[in-house]
Structures are given as C-alpha cells and as structure tokens.
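Student: Task: produce atomic coordinates for the following.
(chains A and B)
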Amino acid sequence: MMGSSSKTVLSFLLIIINVSFLEGISAKMTEKTVNLPKTIGVWTRSDSARIVDSSNIFHYMNGAGELYLAYGFNHLEVYEYTADQQDSILVEVYVMNTSNDAFGLLSLDWGGEPVTIHSKPSYQANPTVAPARALYGEGLLRIWADTIYARVMAYRETAASKEAVLSLGQTIAVNRKMSAEPELLNILPQAMGSDWKLRKDRVGYFRSHLVLNSLYYLSHQNILNLDHSTEAVTAPYENISDAGTSKRVQVLFVKYATPERAQKALDNFHNAYLHEHQKGFNPGVTKKHMNSFSVEDGWLGYALNETCLAVVFECPNRESAHMIIKHISCNATNKENDHGK
Amino acid sequence: MENNQKRLTRRDFIRGTVGATLAVSVLGVPWANGSEHAVQSSLVTVIRDKNVMDTTFKVDSKILQTMLDQTVLQVTGKVMIQEAWAELVKPDDIIGLVPTPHLNPTHPELVEVVKTSLMKKVGIPEKNIIMAQGGKRRPKQCTALISMPALKGHWLTGIGTVIKNYIMYSGRPSRYHEEKSAKLGEIWHIPEVKGKTRLVVVDAIHPLCDKGPQSDPRYKWAYNGLIAGTDPVAVETVCLKILTEKRRALRGESWPISPPPICVEAADKVYGLGTSKMEEIKIAHFGWEEDLLLG
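Tutor: Alright, predicted model coming up:
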C-alpha cells in the first residue's frame, strides 16, 4: 500500500511533470514560421499550429518521418483548415536547416503544374532543373521557399479548394528569400556529346541512401556512406535514336566532407557492388582517377576527384561510360575552379 | 572485417541472386528454388464496380456489400453466401478484422460491410468481432483473422499492402524496414497469428500507386475494386502487378517500384506463405473491365 506521504510526493512530481510538459507545449505553440490567415474561403483553422520535431515525427507520420530526417530537418508546423460540408485542407510547413534541404524535398517529384509564387528575389536565380518553385496537382501544392518545404493539400479538389490552397501557398512563400538551387546541380550538363540529354524532370538532390533508393535503387544498405555531411544528385540522361528508341543511363554525383571520406566511400561501394572486379584506376585513360566495369545492366564508370565521386550506370559500352564520367568530372572540376576564383 | 559479398544490391535483382544474398545477410535460412515448390494454383479474385465510389470519393456501401458477397462466393467456390462465409469462419470464432490505419487507410465502409456480413450471414455476435490492428495482444484473443489492407506502395518496403499489414504484431515495426523488410513474412508465423488468416481482402477502391511516404492525390486513382484470396502472397503479387502497370501507364515509361519489394518473394520462398509466381496464380475478375491493369 502506498502511504499518504508517498502519494503526496507522487502527486507533486506529477504536477511538476505536467507543468513542464505544458510549458513545453506552450513554448512550441508560440513558435511559428508562417502567418497564415485564420480563415480562407469557407475554411477556418485552429488557433495554433501543431509542432512536430525529430522527437515526435514518427508519432505524427510513422515511417514517413524517415524522409524528413534524411534531410536537415528542424521542425514541422501543421495547420488544419476545416469547414462544414467540405473536406479539410491540411497545411504542413517543414522548416529545414538549409534551402538545399528544402529544395531536395521538392526535387523528389517534378510532376505537377508549375505555379508562380511571389518569393522575394535575393538575386536572379538561373535554374538548372526546377520548372517552378511550386507544383500543384489534384489538390496538393508543394512549395520550396528558401528553407521551407510546404505541402498544402485539399483532401478533395474543387474550384474553391484549389483557390484556397494556392492562396495559402502564396502566403507561405511571400517575402521569403528566393534562394538559388543547390550548387551541386551545376555539375550536371544539360547534354553530353551530341547524344545524351539530361532528363531535367528526374533530377533528385539528397543526402541519404533511403532517398537514393526511392529515386534509383542501388542497395538496401548504405554502400556509398551517405549522411548529413554529404550532398548528392542523381539524374538520368537519355539518348533517343533517329528510330525513336531511347537508351538511358543514370548519373550519380556525391560530394563528401573530406577526400578521405570520399575515398572510403568509394572503397565501400566497390566492395559491395563490384567485389569481383579489381580495385584501382586506369590512370592512362585520363588524369582523373577513373575506372569502368562491365556488369549485368551495362557498363559502370566511376571517378574520384578529391571530395567528389561520380558514378554512371547502365552505359551501352565502355566508351560511353568513359565519355560521360569524363564529362561530369571535368564539369565538376571547372565549377570547383570557378568557385575558387 | 566486413563480408562484402553479403550486401544486397541492384545487381542481385538483375542476376536473380536476391535469395542467396538475403539468405546469408538477413534471413539466415535458405531461399527455396522455384523447382522445390510443388506447383499449385492460388486463386485471386478481382471484383470491380465502376459506381462503388463517386466523384466525391464517397463509397456506396450497398454496392460494396454486393462486391464483398461476390468476392466471398468466388474465393470459396460456393453458390450461397451463407455457405461461402461458413467455409471461411465458424459461428463460434472470435474474428479479428485487420484494416490499415495509415497512409491510404482502409475505407471504414469496407470494415463495416465485412462486420455486417459476419453478423448477419454467419451469426457471429458483435462482441466476438474485434478490431485487431495493433499490438500482438489483439490477434492473440482471436481464433480467426480477416486482413483488410488498402492497396498502396511504401517508400521503405516497396509495397505496403498484404504482407506488411501485420507489422504491428511484431512489436518492433522499425526492425522490418530496408533490407530487413524481407523478414516481414516471419510475423505471419508468430503464435498469435499463425494459421489464423482466413481471408485477405484488399481495399483497391482508391489505391495509391506511389510509395509516398505521404499521400499524393496525383497517384491515387479510382480502381473501384476488391482483390481477395486465401493465399496472402498471391494476393500481394496481383496487387504488385496492378501498381506496376498503373505506374507505367501514368508516366508512359518504366517506373519501377523502388526500393524493390523483397518481402513478397521472401514470403513465398522463405516463409512458405503462398506463391509469388504469376504463372501459379489464377486470377478471376468480374465487373468493370476498363483499366484492369492485369494485362
């Protein structure tokens, strides 16, 4: 049996815990990144946002949380707009650590209708891939606005809900800096040789093997040692013949924090993916540390240069693997040199 | 020192060595070859009605009830609906209904018509019909389970429909992601679950053909169907076929489910839960023919 003094202590502890908990909630509730209207059309939102951070993201969205944690995630603000006789509108504002992280989330799917939103231009960005900073489709608006990635979704699309969703999107984006796309995207030439054209609608920017696997499956394990200190981009290049048939190769470019980490990642990749092939480079081919291998789905080429690893998959022959990897590597070196000037 | 030959990669899928690699890296048990299986045919029914869901996504329970009746008749091969249900469950069974709660959840109307059928057509008292999604205590109290997942992809396991529907019974769902999703089939063998699944009926009324991780209405479409059978792997295999075909149709080019859903083949070849080979599956489809996606 619990004595009365024990009960008192327990009650006191519970009060302290409760107060601390409520203070935490209160503090979180005052934190907000966007100033959304209380009402939009016939929809009205709750007074405060639900704040989700890395400690409770799985409670909010189960395994989907892995996606956001795979990028630099700060927190998420969630609003729900409801109305009588109408399906609700969900607003999720993901506050990411960098603009690149927010861009990465949008880059996972370039489908949808490009929408112009009024961000504050800090300088004229010359996009490599992004057709727009906001994409709309069947009730869902996805936005990249500086460090914010937002999803505004009407559970059922109507003319009124579309208008409300786009208006909320404008409010989220207004006066936010119009950051440039990640510099790493500049590594990808629009075309290589006269044959290979970049599929801009399939360019993805990421930091995690989970995201890579959703774009281009390599391995269930993290064989490229990707983590938050790395940044990577992948895209297909397509060669459409006169006969209309197309051949596709996949380019992957990873930038590591240090040359040592890049070397270690290449070793790991080679051991896992090319274990029957001898390691090493063909110094005679170019100045770059380049090699190529015949595997089941074509020729694979890779090159390592300081912190940067370039890999190309599914090439039709050794020559195309070399040409592509050389092109990517030279482009990377030139960009690096430009940056250093 | 790492054994570098034990990591599952893209090349294993091209070479057909997924099983051998998984056997040494994750499963710890041999992956059966196709020839070791006795060839048997599993029946999967696909029942569709164009009008089961309207343009506002409202489901018509009467039409759904008719679709469910037809499903149960076709799965059991019986003529009378009471007989058909009696083939699957007994009046003294304690039935656990297992819908999917998250990301494209099972329509509550489907849960309701199954429950109504069990009460009216089998005579099972309402108190003996349990909502059994959740921890393993729930299936433990049941003598029979009816799995009712909704058709959808999943960004960590490729497909998140039949085999994955019991993941919460493991008590540690995060242990079944990535490469370890190959082990999802083992959950069907835990004592609380083993042998209890009498029917798998997949809610394919409004499926999600992309993997998420969150719902995107562009990738949901009105398939207006129920996909069912007593072989969970065969049902999942047909579901996979429909998702794959829909993705190709949407983009007009190959759009493979990624990561590859290794749980399906493993459920067949390692856990013996059914067949993942299309040639061993007999598909019986009835109703609306347009965009069947089983070509």
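Student: what number of residues lie near residue 249?
Tutor: No chain specified, so I'll use chain A. Using other Cβ atoms under 10 Å in any protein chain shown, A:V249 has 23 neighbouring residues. C-beta coordinates here come from the backbone N, C-alpha and C atoms, glycine included.
Student: wrong chain, I was asking about chain B
Tutor: Neighbour tally, B:A249, other Cβ under 10 Å: 13.
Student: Could you verify that B:K127 is part of a strand?
Tutor: No - read with DSSP: H, G, I helix; E, B strand; the rest coil, B:K127 is helix and lies in no strand.
Student: tell me the contacts of it?
Tutor: If a contact means Cβ atoms under 8 Å, 6 or more residues apart in numbering or on different chains, then B:K127 has no contacts.
Student: residues in contact with the closest residue in space to A:I40 that isn't next to it in sequence?
Tutor: In space, and not counting its chain neighbours, A:I40 is closest to A:A164: 4.6 Å by Cβ to Cβ, 6 or more residues apart in numbering or on different chains. With contact set as Cβ under 8 Å, 6+ apart, A:A164 has these partners: A:40-41, A:43, A:81, A:89, A:154.
Student: Return the helix or strand in which A:A164 is found as CSV; C-alpha atoms alone will do.
Tutor: Assigned by DSSP states H and E, A:A164 belongs to helix A:159-173. What follows is helix A:159-173, C-alpha atoms only, in CSV (Å, rounded to 0.1, in the frame of the first residue of the first chain):
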residue,chain,number,x,y,z
ALA,A,159,-12.5,25.1,-57.7
ALA,A,160,-12.9,26.7,-54.2
SER,A,161,-10.4,24.4,-52.5
LYS,A,162,-7.8,25.0,-55.3
GLU,A,163,-8.2,28.7,-54.9
ALA,A,164,-7.7,28.4,-51.1
VAL,A,165,-4.7,26.1,-51.5
LEU,A,166,-2.9,28.4,-53.9
SER,A,167,-3.7,31.4,-51.7
LEU,A,168,-2.3,29.7,-48.7
GLY,A,169,0.8,28.8,-50.8
GLN,A,170,1.3,32.5,-51.7
THR,A,171,1.1,33.4,-48.0
ILE,A,172,3.7,30.8,-47.1
ALA,A,173,6.1,32.0,-49.8
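Student: how about it: buried residues?
Tutor: Judged by neighbour count (16 or more other Cβ atoms under 10 Å in any protein chain shown), helix A:159-173 contains these buried residues: A:161, A:164-173.
Student: before we move on, what about stretch B:269-277?
Tutor: Quick answer for stretch B:269-277 (16+ other Cβ under 10 Å): B:269-271, B:273-277.
Student: what does stretch A:312-322 give?
Tutor: Quick answer for stretch A:312-322 (16+ other Cβ under 10 Å): A:312-315, A:320-322.
Student: for that stretch, what is the average pLDDT?
Tutor: For stretch A:312-322, the mean per-residue pLDDT is 95.
Student: Can you check the distance spanned by that stretch, start to finish?
Tutor: Across stretch A:312-322, the terminal residues are separated by 9 Å (Cα to Cα, to the nearest Å).
Student: what do you get for stretch A:47-61?
Tutor: Where stretch A:47-61 begins and where it ends lie 22 Å apart, using Cα to Cα.
Student: Quick one: mean pLDDT over it.
Tutor: Here stretch A:47-61 scores 94 as its mean pLDDT.
Student: Any chance of TSV for the buried residues of stretch B:269-277, columns distance to chain A and secondary structure?
Tutor: TSV is the format used below for those (distance: Cβ to the nearest Cβ, whole Å; DSSP: H, G, I helix; E, B strand; the rest coil):
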residue	distance to chain A	secondary structure
B:K269	17	helix
B:V270	16	coil
B:Y271	18	coil
B:L273	21	coil
B:G274	23	coil
B:T275	24	coil
B:S276	18	coil
B:K277	22	coil
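Student: what's the burial count for B:G19?
Tutor: 20.
Student: Dihedrals phi and psi, it?
Tutor: phi -60, psi -50 (degrees, to the nearest 10).
Student: Do I have it right that it meets B:E265?
Tutor: Yes - counting by Cβ atoms under 8 Å, B:E265 is a contact partner of B:G19 at 7.3 Å.
Student: Name all residues that make contact with residue 84.
Tutor: Looking at chain A here, since you left the chain open. By Cβ under 8 Å, 6+ apart, the contact list for A:D84 reads A:V42.
Student: ah, no, chain B please
Tutor: Contacts of B:A84 by Cβ under 8 Å, 6+ apart are B:72-73, B:75-76, B:78.
Student: Now for the residue of the stretch 101-250 of chain A found nearest chain B: which residues touch it?
Tutor: Nearest residue of the stretch 101-250 of chain A to chain B (Cβ to the nearest Cβ) works out as A:H220 at 3.6 Å. Counting by Cβ under 8 Å, 6+ apart, A:H220 makes contact with A:213, B:7-8, B:178-179, B:259, B:262.
Student: Run through the stretch 101-250 of chain B and note the low-pLDDT ranges.
Tutor: By pLDDT under 70, the stretch 101-250 of chain B contains no weakly predicted segment.
Student: so B:A204 touches B:I227, yeah?
Tutor: Yes - if you go by Cβ under 8 Å, B:A204 and B:I227 touch, sitting 5.1 Å apart.
Student: Please say which of the two ends up with more neighbours.
Tutor: B:I227 (29 against 26).
Student: partners of the more buried one in the sheet?
Tutor: Counting by DSSP bridges, B:I227 is bridged to B:V46, B:V202.
Student: Please report the distance of it from B:A234.
Tutor: 10 Å (Cβ to Cβ, to the nearest Å).
Student: anything in contact with each of these two?
Tutor: Common neighbours of B:I227 and B:A234, counting by Cβ under 8 Å, 6+ apart, are B:V44.
Student: Any part of stretch B:157-177 near chain A?
Tutor: Yes - using Cβ under 8 Å from any Cβ of the partner chain, stretch B:157-177 reaches chain A at B:173-174, B:177.
Student: Show me the one in the residues you listed that has more neighbours than the rest.
Tutor: Taking other Cβ under 10 Å as the neighbour criterion, B:H177 ranks highest of the residues of stretch B:157-177 next to chain A with 19 neighbours.
Student: Would you confirm that A:L108 contacts A:N213?
Tutor: No - with contact defined as Cβ under 8 Å, A:L108 and A:N213 do not form a contacting pair (11.8 Å).
Student: More neighbours: those two, which one.
Tutor: More neighbours surround A:N213 than the other of A:L108 and A:N213, with 23 against 17 (other Cβ under 10 Å).
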